[in-house]
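J.: here's a sequence, model it:
(one chain, ligands or ions: 1)
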Amino acid sequence: MFSLQQFLPHTSSKLLDHSLSLKRHGHRRFHRHCPTTLSSSHQSGPSLCDSKTQVSRVPLLTSTQAYEKLKTFRENIKGKQQFLAMYSSIFGGITTDPAAMVIPMDDHMVHRGHGVFDTAAIMDGYLYELDQHLDRFLRSASMSKIDPPFDRGSIRRILIQTVSASKCRKGSLRYWLSAGPGDFQLSPSCCHRSSLYAIVIQDLSPSSPNFRGVKVVTSSIPIKHPKFAITKSVNYLPNVLSKVEAEEAGAFVGIWLDGEGFVAEGPNMNVAFVTKDKELIMPHFDKILSGCTAKRVLTLAESLLREGKLKGIRVKTVTVEEGKQADEMMLLGSGVLVCPVVQWDEQVIGDGKEGPITQALLNLIVEDMKSGPSTVRIPVPY
Ligand SMILES: Cc1ncc(COP(=O)(O)O)c(C=O)c1O
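T.: Sure thing, here's the model as predicted:
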């Protein structure tokens, strides 16, 4: 069994048609930042609303026909990301055929969200902070009561070999641990065996990430309870809705406040500030995800301390007032690296320009990715 989207190649195109029709009617949220486009033959189809009345007969496909449809579906997607290789413990190997990069429909991660994931950037043929991400991955699995199918060393080798098979030298690696397939019950007790999946993604955008100063808004979507916020599970609905809400407000992302009203994090990034006294401050990680980028930035920032550009570095409770009055504000994460924020809600941050400390920290992390120590750069044997 495969996931529904893979078997219904028209579903996605119709959703895209739907997004186009939403756009025509002034709803921008699905399409504004989505780089994916389909070939013209797919774009001319009916909208999702039309399709509800137009689908009358569903073909029964042979497995060969189903595979051919999957292949056509993948070939017709002209996205900015290419999927170069996938490992699946279900088939116990690596494939470079995007049509075969599917997961079982009865996997507990698919129908109950019982799975965890993590990432690692691939830079110049090295995996950046693989071990730090792997530690968090296994912690998340343990907190989610998922017993991995392999030991840590094997998972690490599988991930490195998947990148090697992909031949990708610049991109990203994403991987999941799930309770695995079995049935469609709530309890994972009938899942046969936990599963591991990994995929290598090459981003074809001209220069990504390339974030200039962005605007953020306070998120009205409820933040996850700390028990769930510290786990990198696949339950990202609040995160997605927070992102959508921000985009609808013309902002890059939403900033969550914790249950007591203190600054927490963004939907897939941490947040930090440089105060008027030149202190780098960051919220504690006890109620939010412990970001690998944020933690690395805390270490790298020590050189700015030595140079006298920073007067202090502190992980502390951060009030909204402190954040909004800061000289600089930044987002930190594997996807954005160090992204300057120039406006939070109606408040312009500092002088409204990208701050020098933010820029210096971005330079430090990019440098670290290119030539950091062996503890953060794992060579991929191609
Ligand atoms: C909720 C959340 N916070 C923070 C981060 C930043 O973590 P990292 O720097 O490890 O990418 C992420 C990244 O995925 C995230 O999803």
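J.: from here on, just use CA atoms for contacts and neighbour counts.
T.: Will do.
J.: which regions of the stretch 201-350 of the chain lie under the pLDDT threshold?
T.: Judged by pLDDT under 70, the stretch 201-350 of the chain has its weakly predicted residues at 205-211.
J.: for it, which segments are assigned as helices?
T.: Per DSSP state H, counting those that start in this stretch, the stretch 201-350 of the chain carries helices over the ranges 226-229, 237-248, 292-300, 302-306, 320-324.
J.: where does the stretch 51-200 of the chain have low pLDDT?
T.: Applying pLDDT under 70 to the stretch 51-200 of the chain flags the ranges 51-53.
J.: let me see the domain layout of this structure.
T.: Domain ranges of the chain: 1-49+62-75, 80-208, 214-371, per automatic domain parsing.
J.: tell me the SS of the residue of the stretch 51-200 of the chain found nearest the ligand?
T.: The nearest approach of the stretch 51-200 of the chain to the ligand comes at His133, 6.7 Å away (Cα to the nearest ligand atom). In three-state terms, and counting by DSSP: H, G, I helix; E, B strand; the rest coil, His133 is helix.
J.: identify the bridge partners of Ile201.
T.: Under DSSP bridges, the beta-bridge partners of Ile201 are Phe83, Ser172.
J.: apologies, that question was intended for Ile122.
T.: On the basis of DSSP bridges, Ile122 is bridged to Leu127, Gly171.
J.: burial measure for the residue of the stretch 51-200 of the chain closest to the ligand, as a count.
T.: Using other Cα atoms under 10 Å, His133 has 18 other residues around it.
J.: what's around Gln65, how many residues?
T.: With other Cα under 10 Å as criterion, Gln65 counts 11.
J.: and it, how far is that from Asp97?
T.: Distance, Gln65 to Asp97, by Cα to Cα, to the nearest Å: 16 Å.
J.: before we move on, the earlier item: dump the helices of the stretch 201-350 of the chain to JSON lines, plus distance to Ile357.
T.: As requested, the helices of the stretch 201-350 of the chain are exported to JSON lines (distance: least, Cα to Cα, whole Å):
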{"stretch": "helix 226-229", "distance to Ile357": "28"}
{"stretch": "helix 237-248", "distance to Ile357": "25"}
{"stretch": "helix 292-300", "distance to Ile357": "11"}
{"stretch": "helix 302-306", "distance to Ile357": "8"}
{"stretch": "helix 320-324", "distance to Ile357": "15"}
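J.: which stretch among those comes nearest the ligand?
T.: helix 292-300 (3.6 Å).
J.: related to what we said a few turns ago, can you redo the helices of the stretch 201-350 of the chain as CSV with mean neighbour count and distance to Thr72?
T.: Output for the helices of the stretch 201-350 of the chain, formatted as CSV (neighbours: other Cα atoms under 10 Å; distance: least, Cα to Cα, whole Å):
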stretch, mean neighbour count, distance to Thr72
helix 226-229, 16, 38
helix 237-248, 19, 28
helix 292-300, 18, 38
helix 302-306, 15, 51
helix 320-324, 17, 49
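J.: so for Gln161, which of those helices sits nearest?
T.: Nearest to Gln161, of all those, is helix 292-300, at 22.4 Å by Cα to Cα.
J.: ok so, going back, the residue of the stretch 51-200 of the chain closest to the ligand is in contact with Ala121, isn't it?
T.: No: with contacts counted by Cα atoms under 8 Å, His133 stays clear of Ala121, the gap being 10.1 Å.
J.: what's around Glu68, how many residues?
T.: Glu68 - counted by other Cα under 10 Å - has 14 other residues nearby.
J.: in which helix or strand would I find it?
T.: Assigned by DSSP states H and E, Glu68 falls within helix 63-76.
J.: how far does that helix sit from its chain's centre?
T.: Counting by Cα atoms, centre = their mean, to the nearest Å, helix 63-76 is centred 27 Å from the centre of its parent chain.
J.: contacting residues around Tyr382?
T.: Contacts for Tyr382 were tallied using Cα atoms under 8 Å, 6 or more residues apart in numbering; they are 164-165, 167.
J.: now for Leu138, how many residues are close by?
T.: That count, for Leu138 with other Cα under 10 Å as the rule, works out to 21.
J.: counting by contacts, list what the helix or strand where it lies packs against.
T.: If you go by DSSP H and E, Leu138 is part of helix 130-143. If you count contacts as 3 or more Cα pairs under 8 Å, 6 or more residues apart in numbering; DSSP states H and E, helix 130-143 packs onto strand 115-123.
J.: all good on my end, thank you.
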